[in-house]
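**Q** following is a predicted model, sequence given first.
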Amino acid sequence: MTEHPNSAHLQDRLQNAGFIRDVNDIYVPADGPSQTDRSQTSFIGNLIERAGPEKSLRLALQGLDPQLENTVYSLKAEACLELLDIGPEEVCVDWGCRYGTLALGMYKRGGRVIAVDSSLDYLEFLTLRRRQEAVGEFYCVLDDLQMSILNIGPDVVVLNGVLNGSSSRQTKSRLGTVYDRLPKGGRVLFAAKNKFDYSRWVTGREDKTFGASGLSGGNPEGFPGALSFSQVESMMKSAGFSDIQLYMVFPNAVAPDLILPLEGGLRYYREHGEGARTVSDKVRRVVEYFLMKKLQAGFLAPSIMAVGVK
Amino acid sequence: MKAIVSNCTHGGSICTSLLFDPAGRPLGVAKSSTGEGIVNLRQEVDGWKWYNSRTEIKVECEVERDDPDYMLVKIGFIPGRMYSLRDGIINNAEPLFQIVKHYANVWSEYSGRENAPLHGDLALTNAIFVGPQPVFIDWEHFLPSGPPLGFDAVYMLYLSLWFEGWGERFEKHSIEFIGKMLAYLWVRQCLDPSLAVSPLRAIRKIIFDHPAWWGPQAKKLPPLLFSDEAVFHLDRHINTMTRLEDLIGPGK
């Protein structure tokens, strides 16, 4: 793998922020992690083992869990990165990177990427994935809720669903930490499930696409971390962001079909996704179309994204 | 402010967004981060260049970023009206005819040649009407030398027929409309003889023979979704109506 000419500089920044490179090429806190999640050890371990000497992770994942393979290698997830206008050489942090879909997307857009997770399992997977996908300046970092990695001074931070299990107070405090560490002009992308998501009432199903985040752990309020548009805006504001754009996301933030600005975006709403296969999907599509197109009820969109600029 | 209005639809790998300037004027942006998607974006740029040089309404198309793993193309926004396939053929007869007429105007220079350029996804939903004038969009499958002349127009008509009844129900008026459009193309010398007789069978054969033109999406193209029985009956009906078989002999 060819080293990027500026990689030494970013490596220095990682070391100055208190991280050292371990034998697996993962940066870990020099004083040891305070919280890690190894809940999927057997799955990821099994996956890496199945990948064999050629380390064909994608094929191995396809064999183990085709649906997950679809999600992990989905290009749809990357759409949200278009909201950030990532420029070449910008330092981008994907905080709670899991399988690295967004982190790799940021790399392809020219960013120098730091993929952060609290789970060594995911980071081991991503270290292999990044080698296979021939990426250069891309670092895998073990970090926890203290967010000390942000001391390196990133230009862009992505928090896509990672705070879903957090309480409102925790989310507000973490957004504040992000704001403090960003330079002027730095951007954050924050995604959350919508508390008023219409589809939960239509299908009676909980959208599990975000999943429980290993970084955020359990939810002390016993609430699945969903927020309303006004809550997201208020949290971003109290964190310090003044330039905030709110977006409605359909059907979810992991594989979005449409990401429309809350203000005035519904004029670009249209039916989306592949044909409905079940009666409940058909009902959901009809209801969504009616709510969004006829009633202009954007606040009932399934998920929320917000971009804040410092 | 941006709006992502289309994201990797129909198994493709292009994400399309609208970018608004401070005055609220939109600009289309298409991007991809895969090899296949980047190839399609290059075809999109080539398609617009080809099309712009032959139409009155010019649409700006500019490559903004062209990196090894990422390509971003800006396309001028076209303020206009779009029609829905759900309304069926007869309710959309006028816009469908305008599309066929525009096709004949733009492609007419290829009359008598063996191959013509391919749009690859000409559909009612890929035309924006500025007044009565359609502007064809979505050029990601463009090829400068593709199928015989008339392919895209015939494809567009049968695609409309498919979505009208999901391949199970065919309105007599709709089939007759298709027959009239084929006759129009023939008179305008914009229908290759190989497509004039048994047209549905003919366009299906072209798709079968050239799956690479559409990539992974080829298998899902609506003309391939008609049953063999439906193809036989529809073609027989059209052949009887146009009587082009009498002029040029049975289709191959």
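**A** Looks like it arrived, so ask away.

**Q** residues touching A:F290, list them.
**A** For A:F290, the contact set (C-beta atoms under 8 Å, 6 or more residues apart in numbering or on different chains) is empty. C-betas here are computed from N, CA, C, even on glycine.

**Q** am I right that it is in a strand?
**A** No. Secondary structure of A:F290 (DSSP: H, G, I helix; E, B strand; the rest coil): helix, not part of a strand.

**Q** and it, how far from chain B?
**A** In this view, A:F290 and chain B are 15 Å apart by C-beta to the nearest C-beta, to the nearest Å.

**Q** which strand or helix spans B:I178?
**A** Assigned by DSSP states H and E, B:I178 belongs to helix B:172-187.

**Q** which other helices and strands does that helix contact?
**A** Helices and strands touching helix B:172-187, by 3 or more C-beta pairs under 8 Å, 6 or more residues apart in numbering or on different chains; DSSP states H and E, are helix B:88-91, helix B:93-107, helix B:151-165, helix B:228-242, helix B:244-248.

**Q** next SSE downstream of that helix?
**A** Sequence-wise, the next helix or strand downstream of helix B:172-187 (DSSP H and E) is helix B:193-196.

**Q** quick one: contacts for the residue in the stretch 51-200 of chain B that chain A sits nearest to?
**A** Of all residues in the stretch 51-200 of chain B, the one sitting closest to chain A is B:D69 (4.0 Å; C-beta to the nearest C-beta). For B:D69, the contacting residues are A:107-108, B:33, by C-beta under 8 Å, 6+ apart.

**Q** please apply the same query to A:Q296.
**A** A:L266.

**Q** so it is in which element?
**A** Using DSSP H and E, A:Q296 falls within no helix or strand.

**Q** can you give me the strands in the stretch 1-150 of chain A?
**A** Here the stretch 1-150 of chain A has its strands, by DSSP state E, counting those that start in this stretch, at A:19-21, A:26-29, A:91-95, A:112-117, A:138-142.

**Q** can you put the ones you listed in CSV and add distance to A:E288, mean pLDDT and mean neighbour count?
**A** Below are the strands of the stretch 1-150 of chain A laid out as CSV (distance: least, C-beta to C-beta, whole Å; pLDDT from 0 to 100; neighbours: other C-beta atoms under 10 Å in any protein chain shown):
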stretch, distance to A:E288, mean pLDDT, mean neighbour count
strand A:19-21, 44, 89, 17
strand A:26-29, 42, 90, 20
strand A:91-95, 29, 94, 28
strand A:112-117, 33, 94, 29
strand A:138-142, 37, 92, 25
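
**Q** who wins for proximity to A:V283 among those?
**A** Nearest to A:V283, of all the strands of the stretch 1-150 of chain A, is strand A:91-95, at 35.4 Å by C-beta to C-beta.

**Q** ok, and what's touching that closest one?
**A** For strand A:91-95, contacts defined as C-beta under 8 Å, 6+ apart pick out A:10, A:13, A:86, A:100, A:102-103, A:106-107, A:111-116, A:143, A:147, A:149-150, A:152-160, A:162, A:215.

**Q** in its sheet, what does it sit against?
**A** Looking at strand A:91-95 with DSSP bridges, its partner strands are strand A:112-117 (parallel), strand A:156-160 (parallel).

**Q** how far is the helix holding B:I178 from where the chain is centred?
**A** Its chain's C-alpha centre and that of helix B:172-187 lie 17 Å apart, by C-alpha atoms, centre = their mean, to the nearest Å.

**Q** what is the rounded mean pLDDT of that helix?
**A** Regarding helix B:172-187, the rounded mean pLDDT is 94.

**Q** which positions within that helix qualify as buried?
**A** Across helix B:172-187, burial judged by 16 or more other C-beta atoms under 10 Å in any protein chain shown covers B:174-175, B:177-179, B:181-186.

**Q** using CSV, write out every CA atom in it.
**A** Taking Å, rounded to 0.1, in the frame of the first residue of the first chain, the C-alpha atoms of helix B:172-187 are listed here in CSV:
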residue,chain,number,x,y,z
LYS,B,172,-57.1,-2.3,-27.0
HIS,B,173,-56.8,1.4,-27.4
SER,B,174,-53.3,1.3,-26.0
ILE,B,175,-52.2,-1.3,-28.5
GLU,B,176,-53.8,0.6,-31.3
PHE,B,177,-51.9,3.8,-30.1
ILE,B,178,-48.6,1.9,-30.3
GLY,B,179,-49.5,0.7,-33.8
LYS,B,180,-50.1,4.3,-34.9
MET,B,181,-46.8,5.5,-33.3
LEU,B,182,-44.9,2.7,-35.2
ALA,B,183,-46.6,3.8,-38.4
TYR,B,184,-45.6,7.4,-37.7
LEU,B,185,-42.0,6.4,-37.1
TRP,B,186,-42.0,4.3,-40.3
VAL,B,187,-43.3,7.3,-42.3
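
**Q** tell me the centre residue of chain A?
**A** Geometric centre of chain A, nearest residue: A:N160, 2.9 Å, by C-alpha atoms, centre = their mean.

**Q** and the closest residue to chain B within the stretch 1-150 of chain A, what does it touch?
**A** Relative to chain B, the nearest point of the stretch 1-150 of chain A is A:K108 (4.0 Å; C-beta to the nearest C-beta). Taking C-beta under 8 Å, 6+ apart, we find A:K108 in contact with A:78, B:33, B:67, B:69-70.

**Q** show the buried residues in these.
**A** With neighbours counted by 16+ other C-beta under 10 Å, the contacts of A:K108 contain buried members at A:78, B:33, B:69-70.

**Q** where does the stretch 201-310 of chain A come near chain B, residue by residue?
**A** Proximity of the stretch 201-310 of chain A to chain B (C-beta under 8 Å from any C-beta of the partner chain) is limited to residues A:245, A:256-261, A:265, A:268, A:270.

**Q** show the buried residues in the contacts of strand A:91-95.
**A** For those, a burial check counting by 16+ other C-beta under 10 Å picks out A:10, A:13, A:86, A:100, A:102-103, A:106-107, A:111-116, A:143, A:147, A:149-150, A:152, A:154-160, A:162, A:215.

**Q** how about low-confidence regions in the stretch 101-250 of chain B?
**A** Within the stretch 101-250 of chain B, the segments meeting pLDDT under 70 span B:250.

**Q** residues contacting B:L195?
**A** Shown in contact with B:L195 (C-beta under 8 Å, 6+ apart): B:148-151, B:154, B:202-203.

**Q** next: B:A127.
**A** Applying C-beta under 8 Å, 6+ apart, we find B:A127 in contact with B:82-83, B:95, B:99, B:102, B:134-137.

**Q** and for A:F229?
**A** A:194, A:246, A:262, A:299, A:304.

**Q** contact partners for the nearest residue to the first one once chain neighbours are set aside?
**A** If I follow you right, that is A:N194. Counting by C-beta to C-beta, 6 or more residues apart in numbering or on different chains, A:N194 lies nearest to A:I304, which is 5.1 Å off, once chain neighbours are set aside. By C-beta under 8 Å, 6+ apart, A:I304 lies in contact with A:191-194, A:227-229, A:232, A:246-249.

**Q** now, the contacts of A:F229 that are in strands?
**A** Within the contacts of A:F229, residues falling in strands by DSSP state E are A:246, A:304.

**Q** follow-up on the earlier one: got a markdown table for the strands of the stretch 1-150 of chain A, with distance to A:E69 too?
**A** A markdown table is the format used below for the strands of the stretch 1-150 of chain A (distance: least, C-beta to C-beta, whole Å):
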| stretch | distance to A:E69 |
| --- | --- |
| strand A:19-21 | 29 |
| strand A:26-29 | 23 |
| strand A:91-95 | 19 |
| strand A:112-117 | 19 |
| strand A:138-142 | 20 |
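
**Q** and the ones you listed: which comes nearest B:R236?
**A** Nearest of the strands of the stretch 1-150 of chain A (C-beta to C-beta): strand A:91-95, 58.4 Å.

**Q** how distant is that closest one from the center of its chain?
**A** Worked out by C-alpha atoms, centre = their mean, strand A:91-95 lies 10 Å from the chain centre.

**Q** let's see that strand as PDB, backbone CA atoms only.
**A** Output of strand A:91-95 as PDB, limited to C-alpha atoms (Å, rounded to 0.1, in the frame of the first residue of the first chain):
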ATOM      1  CA  VAL A  91      -9.700  15.100   7.900                       C
ATOM      2  CA  CYS A  92     -13.000  13.200   8.400                       C
ATOM      3  CA  VAL A  93     -14.100  11.200  11.400                       C
ATOM      4  CA  ASP A  94     -16.700   8.500  11.200                       C
ATOM      5  CA  TRP A  95     -17.600   8.100  14.800                       C
END
